[in-house]
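1. Mind looking at a prediction? Sequence and model below.
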Amino acid sequence: MKNLFYGIYAFMFNIFCFLPMKKNKVSFLSPHNESFNDSLGAVLNEVIMRDEFRICKISCKDLQIDKSSVRSLIISALKAVRFFTVKAYHLATSHFVFMNDNFMPMAKLNFKRETVITQLWHAEGAFKRFGMHIEQPEEIRNLEIQGNNKLSYVVCSSQGVADIYSEAFGVPRYKVLPLGAPRIDDFFKKVNIERLRSDFDKEFPECKGKKLVLYAPTFRDDREDDKHLLDTLDISAFNERFGDEYRLLVRLHPQVRTGEADLSGATDVGDYKKLNNLIRLADVMITDYSSICMDFAFLEKPIYFYAFDLEKYVSDRSFYEDYESYVPGPVARDFQTLLNLLNNNVAQSYQRRMYDFKFYNFGEQDGNASKRVVDRIIYDKE
């Protein structure tokens, strides 16, 4: 079925490619992240500020079918049709295209020679293996290779990870631009943290007066594993030891399917829209293999790594470095150990590793990565 959709999209796109290119048109393609809350969104905002371009946003949201009512079904179906027609037209006639993930129909899209296509990716640094560094079925790998062959540039967050990005996308090193991480620019902006916390407490009154511990695990490649992701999270045990001082927040990855997860005693912040603000507010993070640890590391906040299924995850996905000696915080293999590490504030002793981790993955950030990307890609300024 997916191949049919890829073929239909490519057919429409390639027809529209016969139409003239619009020199001032920029398309932002987000195959999976409909919120544009990563580097793609940061570059989008920078282009909007220049007030010189016509912008088209393309995301997975266009393909979501809402069956809650007949009216919703019709509206969402029309949006899907628009994705294959109007949005395909805009992509085909754009001078510049920015994207944050693999878009499988790319393999069959005949872009104009003048089109500049830039992969911003949706994560920073080098943590979990990705791209050409992970195993894929031959059919998917071929589509990935053909799509990557059309990339003009790949932007990465630091000089230290540039070679990894070159290999992961299968592009020559000169196409990799270590211009910084655009989404990190947001952390350089002045924010009224008191107002932010006050608004958060109004939305989640159970958090008022308490420090915030954010648990944000990533998804597993096996959907059955996703369903049992929270089985080892003992919220009652956490509250028994830390409930007077801390409130546990839980934010699951959008791809995680856990059914009706029981989060009694914790606060579900999965629908909290501004992830960066949540990271600003949280005092402590617990994660496993999620690249969200990059944000906390950049802010040099304490991180605890709860890796209860490390061997299986390494077998399924693996990392660029030895996990336990690379991550910028203590690793717990069971929940009781995690609570003990939290109780003894062990993360504070990982400051040197935190600094090394941060510098390797981010280099010298200055809050101007979005500006550099737009200047380099659109205005061709070195």
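-> Received it, and whenever you're ready, just let me know what you need.
2. how about the helices of the stretch 1-150 of the chain, start to end?
-> For the stretch 1-150 of the chain, the helices defined by DSSP state H, counting those that start in this stretch occupy 2-16, 39-50, 70-84, 86-92, 138-148.
3. Only alpha carbons, please: show the shortest one as CSV.
-> Below are the C-alpha coordinates for helix 86-92, written out as CSV (Å, rounded to 0.1, in the frame of the first residue of the first chain):
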residue,chain,number,x,y,z
VAL,A,86,-1.6,21.2,-3.9
LYS,A,87,1.3,20.3,-1.5
ALA,A,88,3.0,18.3,-4.2
TYR,A,89,2.7,21.3,-6.6
HIS,A,90,4.4,23.6,-4.0
LEU,A,91,7.2,21.1,-3.4
ALA,A,92,7.8,20.6,-7.1
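4. Report the contact partners of Glu114.
-> By Cβ atoms under 8 Å, 6 or more residues apart in numbering, the contact set of Glu114 is Met21, His95. Just so you know, the C-beta spots here come from the backbone N, C-alpha and C atoms, and that holds for glycine as well.
5. coming back round to it: deepest in the core, which of the helices of the stretch 1-150 of the chain is it.
-> Among these, helix 86-92 has the highest mean neighbour count (mean count of other Cβ atoms under 10 Å), at a mean of 21.
6. name the helices or strands packed onto that one?
-> Under the contact definition 3 or more Cβ pairs under 8 Å, 6 or more residues apart in numbering; DSSP states H and E, helix 86-92 sits against helix 2-16, strand 22-30, strand 54-59.
7. CSV for these, including mean pLDDT and distance to His90?
-> Listed next are those as CSV, based on pLDDT from 0 to 100; distance: least, Cβ to Cβ, whole Å:
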stretch, mean pLDDT, distance to His90
helix 2-16, 90, 9
strand 22-30, 96, 6
strand 54-59, 95, 4
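8. Out of those, which is closest to Glu300?
-> The closest of those to Glu300 is strand 22-30. By Cβ to Cβ, the value is 28.9 Å.
9. buried sites along that closest one?
-> Residues Lys25, Val26, Ser27, Phe28, Leu29, Ser30 are the ones in strand 22-30 that count as buried (16 or more other Cβ atoms under 10 Å).
10. ok, of those, which one's closest to Gly170?
-> Distance to Gly170 across the buried residues of strand 22-30 (Cβ to Cβ) is lowest for Leu29, with 19.0 Å.
11. Assess the claim that the closest one and Phe98 are in contact.
-> Yes. Applying Cβ atoms under 8 Å, one finds Leu29 in contact with Phe98, separated by 7.0 Å.
12. which neighbours do these two share?
-> Listed contacts common to Leu29 and Phe98 are Leu40; contacts here mean Cβ under 8 Å, 6+ apart.
13. show me what contacts Ile134?
-> Neighbouring residues of Ile134 by Cβ under 8 Å, 6+ apart: Arg317, Ser318.
14. center of the protein - which residue?
-> When Cα atoms, centre = their mean is applied to the chain, the residue found nearest the centroid is His122 (4.0 Å).
15. What sits closest to that residue if chain neighbours are left out?
-> In this structure, His122 finds its nearest non-sequential neighbour in Asn100, 4.5 Å apart by Cβ to Cβ, 6 or more residues apart in numbering.
16. For burial, what's the neighbour tally of the one you found?
-> 25 (other Cβ atoms under 10 Å).
17. May I ask you to confirm that it is in contact with Glu34?
-> No. With contact defined as Cβ under 8 Å, Asn100 does not reach Glu34; the gap is 11.2 Å.
18. Specify which member of the buried residues of strand 22-30 is nearest to Tyr246.
-> Ser30 (34.0 Å).
19. what residues are up against the residue nearest to the centre of the chain?
-> For His122, the contact set (Cβ under 8 Å, 6+ apart) comprises His32, Asn33, Asp38, Ser39, Leu40, Asn100, Asp101.
20. Now with 6 Å, please.
-> Contacts for His122 were tallied using Cβ atoms under 6 Å, 6 or more residues apart in numbering; they are Asp38, Asn100, Asp101.
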